[in-house]
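**Student:** Need coordinates for the following:
(one chain, ligands or ions: 1)
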Amino acid sequence: MSAADVPADARADGMDGTGDDRTQTLLVFGARGDLTSRLLLPGLGTLIAASSPAGLFLVGCDHGEGSDEEWRTVVAEAFAVGGASGPAVDAVVRDARYVAADATDEGDLRRLLEGRRGRLTLYFALPPAVTVEACRALSRIGVPDGTRLVLEKPFGTDAASAAALNDLLHGFVPESHVHRVDHFLGMSTVLNILGVRFANRVIEPMLTSEHVEKVDIVFDETLGLEGRAGFYDGTGALRDMLQSHLLQVLALVAMYPPSTLEQLDVRDAKAQVLRATRVWDDDPERFSHRGRYTAGSVDGRSFPSYVDEPGVDPALGTETLAEVVFAVDTWRWAGVPFRVRSGKAIGSPRQEVTFWFKAAQRVPAGLAGDVLRNRLRIGLGAGRLRLDININGPGDPSTLTPVTLETRFGPGELFEYGEVLRGVIEDEKPLSVRDDMSVESWRIVEPVLDAWREGRVPLDDYPAGSTGPAGWEDRTT
Ligand SMILES: O=P(O)(O)OC[C@H]1O[C@@H](O)[C@H](O)[C@@H](O)[C@@H]1O
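**Tutor:** Numbers count the residues shown, from 1 in each chain. Next comes the predicted model:
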């Protein structure tokens, strides 16, 4: 990239950082990547259509020459995926620029920084190792005051590397300017946990160890590797899903009610939960499981064995299904096991948080029928809320019948990434992961990672399309 790549008109209209207060530049590193076109831009489109942020200048940056016109086509097509239209959307597309540059090259970075308009946000839609290199280069050259950084998961590979990455970032931007993205926190269904829990007198007081026997947080998927060996092989389900997304969900499910939804309150409440969370009985050998799919079919789609998927190194022993039971050592949750699980290539997958209630203290003699434990199920993927209760069904009034009360949550106004980007554009971070949480969530899973690395927990097979290996019964109850 040369200085000539920064368009002259753009320099003239304030790309030097002198634009009006609301003007901001969103610079996406990895503009040609799958994440950008499949998730980031469609989400951004929904955000722009919903809230018309003023003066948003979208710059795509990647290796390889490209033109503004090509980038604008990519952006317009991705915006169309989310059905985004209108003058604000058109204005962002019309104004968008593409710059060929190496995100790890100091010279390129300097010129990119000079080319900003207003407040600058750097979005790293890059492989984690490249993001770290880019941040190292930025730490050497410095960034303009007020620059925001947006980083994707995985954030580090263990507690020590996450802490080191935090130190690196804090060397050139304050923590308040860092967004660690977890797109699960942008799911309307996940956000719905807040409303269901904290706006219902009949629900929240029941969510304590006095009434709840155990909690399941499950996100199984029909998807298999889907050509992502480069990222997934060697990462596996524990790091890909549990360490990040599902521990964030656990924190939302288990946190004490925050007094506001502002970032300080929500993040403090979540961080308290994570600090109190550990593997059940500190025994990963008994309370963690790992599995890997073998050949099979899911919904009519055939899958090879995971080890035969293109790009997989069987020697890495990557798991495609992980399950860990955690304890949350707070007054509210002491003694209640949280079983957290996620797997790929699972038939009829569940994606929900389930609160299993204790049995009624006593059912009066004379009432007959099956008395089931009450369950509250909050859907993560499909967006259903279900409450299982016992009622007097038709016929003999003293005969109990279990029924499920069910309602659906509406889809969110924004795609998940739109919700995440709303936080970025509006500079509000209740939905992003704070530095201490990024380290805590590694601390929580490290005993499991160690046990698995040392071969202390078997890697069980399950056929694609099944519900997972047999015999993973819950040993906590
Ligand atoms: O259902 P969603 O929103 O695609 O989220 C699940 C995905 O989340 C991603 O973060 C994981 O890397 C994937 O492996 C997983 O499939």
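**Student:** Can you check the pLDDT for V325?
**Tutor:** If you check V325, the pLDDT there is 98.
**Student:** Now do the strands in the stretch 301-450 of the chain.
**Tutor:** 301-303, 321-328, 337-343, 351-357, 368-369, 375-379, 384-392, 399-408 (DSSP state E, counting those that start in this stretch).
**Student:** Please list all residues in contact with T318.
**Tutor:** 232-236, 292, 306, 312 (CB atoms under 8 Å, 6 or more residues apart in numbering). The way it works is simple: take the backbone N, C-alpha and C, and place the C-beta from them, glycine included.
**Student:** Check the gap between V89 and T131 for me.
**Tutor:** Applying CB to CB, to the nearest Å, the value for V89 to T131 is 28 Å.
**Student:** ugh, wrong one, I meant P144
**Tutor:** 19 Å.
**Student:** Neighbour count: the two, which is higher?
**Tutor:** T131 (22 against 12; other CB atoms under 10 Å).
**Student:** is it true that that one touches L122?
**Tutor:** No: using CB atoms under 8 Å, T131 is not in contact with L122, being 10.0 Å away.
**Student:** now stretch 56-69: how far from the chain's centre is it?
**Tutor:** Taking CA atoms, centre = their mean, to the nearest Å, the mean C-alpha location of stretch 56-69 is offset from the chain mean by 26 Å.
**Student:** End to end on that stretch, go ahead and measure it.
**Tutor:** 18 Å (CA to CA, to the nearest Å).
**Student:** what sits up against that stretch?
**Tutor:** Contacts for stretch 56-69 (CB under 8 Å, 6+ apart): 7, 10, 15, 23-33, 36, 44, 48, 71, 74-75, 92, 95-103, 112, 115-118, 425.
**Student:** Can I have the buried ones of those residues as a ChimeraX selection?
**Tutor:** Buried residues among those (16 or more other CB atoms under 10 Å), as a ChimeraX selection:
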select :10,15,23,24,25,26,27,28,29,30,31,32,36,44,48,71,74,75,92,95,96,97,98,99,100,101,102,103,112,115,116,117,118,425
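**Student:** quick one: which of the contacts of stretch 56-69 sit in helices?
**Tutor:** 10, 44, 48, 71, 74-75, 92, 95, 112, 425 (DSSP state H).
**Student:** Dump those to TSV, plus distance to the ligand and pLDDT.
**Tutor:** Output for the ones in helices among the contacts of stretch 56-69, formatted as TSV (distance: CB to the nearest ligand atom, whole Å; pLDDT from 0 to 100):
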residue	distance to the ligand	pLDDT
A10	34	43
L44	16	97
I48	21	96
W71	25	98
V74	20	97
V75	21	98
V92	24	97
D95	29	96
L112	27	96
I425	20	89
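**Student:** Which members of the contacts of T318 are classed as buried?
**Tutor:** Buried among the contacts of T318 by 16+ other CB under 10 Å: 232-233, 235-236, 292, 306, 312.
**Student:** List of residues touching the strand or helix carrying R278?
**Tutor:** Assigned by DSSP states H and E, R278 falls within strand 277-279. Residues outside strand 277-279 that contact it (CB under 8 Å, 6+ apart): 247, 250, 254, 287-288, 324-329, 338, 440, 444, 447-448.
**Student:** Help me confirm that G227 comes into contact with V312.
**Tutor:** No: contact criterion CB under 8 Å: G227 and V312 do not qualify, at 10.9 Å.
**Student:** joint contacts of the two?
**Tutor:** With CB under 8 Å, 6+ apart, G227 and V312 have no common neighbours.
**Student:** For the residue in the stretch 101-250 of the chain positioned nearest to the ligand, which non-adjacent residue is closest in space?
**Tutor:** Nearest residue of the stretch 101-250 of the chain to the ligand (CB to the nearest ligand atom) works out as D240 at 4.8 Å. Residue nearest to D240 in three dimensions, not counting chain neighbours: Y232, with 6.4 Å by CB to CB, 6 or more residues apart in numbering.
**Student:** quick one, helices of the stretch 51-200 of the chain?
**Tutor:** 68-81, 87-95, 106-114, 128-141, 159-170, 188-198 (DSSP state H, counting those that start in this stretch).
**Student:** weakest of these in terms of mean pLDDT?
**Tutor:** helix 188-198 (a mean of 92).
**Student:** The ligand contacts on the protein?
**Tutor:** Applying CB under 6 Å from any ligand atom, we find that the chain lies next to the ligand at 221, 223, 240.
**Student:** Pull the number of nearby residues for the nearest residue to the second one once chain neighbours are set aside.
**Tutor:** Same thing as L223. Leaving out its chain neighbours, the residue that sits closest to L223 by CB to CB, 6+ apart is K344, at 5.9 Å. Counted with other CB under 10 Å, residues neighbouring K344 total 27.
**Student:** cool, and D216?
**Tutor:** 20.
**Student:** likewise S161?
**Tutor:** With other CB under 10 Å as criterion, S161 counts 16.
**Student:** cool, and R140?
**Tutor:** Neighbours of R140 (other CB under 10 Å): 11.
**Student:** Repeat that for R362.
**Tutor:** 6.
**Student:** from here on, count from 713
**Tutor:** OK, 713 is where the count begins now, so the last one is R1074.
**Student:** Can you list the buried residues in the helix with the most length in the chain?
**Tutor:** Identified as the longest helix of the chain according to DSSP H is helix 1147-1165. Of the residues in helix 1147-1165, 1147-1161, 1163-1164 count as buried by neighbour count, 16+ other CB under 10 Å.
**Student:** for it, packing partners?
**Tutor:** Judged by 3 or more CB pairs under 8 Å, 6 or more residues apart in numbering; DSSP states H and E, helix 1147-1165 is in contact with helix 871-882, strand 890-892, helix 959-966, helix 975-987, strand 989-991, helix 996-999, strand 1000-1006, strand 1033-1040.
**Student:** Give me the angle between that helix and helix 975-987.
**Tutor:** Interaxial angle, helix 1147-1165 versus helix 975-987 (axes from the mean of the first three to the mean of the last three CA atoms, to 10 degrees): 20 degrees.
**Student:** Show me what the next helix or strand after helix 1147-1165 is packed up against.
**Tutor:** Using DSSP H and E, the helix or strand that follows helix 1147-1165 in sequence is strand 1171-1175. Packed against strand 1171-1175 by the contact rule (3+ CB pairs under 8 Å, 6+ apart) you find strand 1000-1006.
**Student:** Each with direction, which strands does the strand it packs on pair with?
**Tutor:** Using DSSP bridges, the strands paired with strand 1000-1006 are strand 1033-1040 (antiparallel), strand 1171-1175 (parallel).
**Student:** E864: how many residues sit nearby?
**Tutor:** 21.
**Student:** Correct me if wrong: it contacts V842.
**Tutor:** No: E864 is beyond contact range of V842, at 11.0 Å (criterion: CB under 8 Å).
**Student:** buried subset of the contacts of strand 989-991?
**Tutor:** Counted by 16+ other CB under 10 Å, those give 959, 962, 966, 999-1000, 1036-1040, 1050, 1152, 1156, 1159-1160 as buried.
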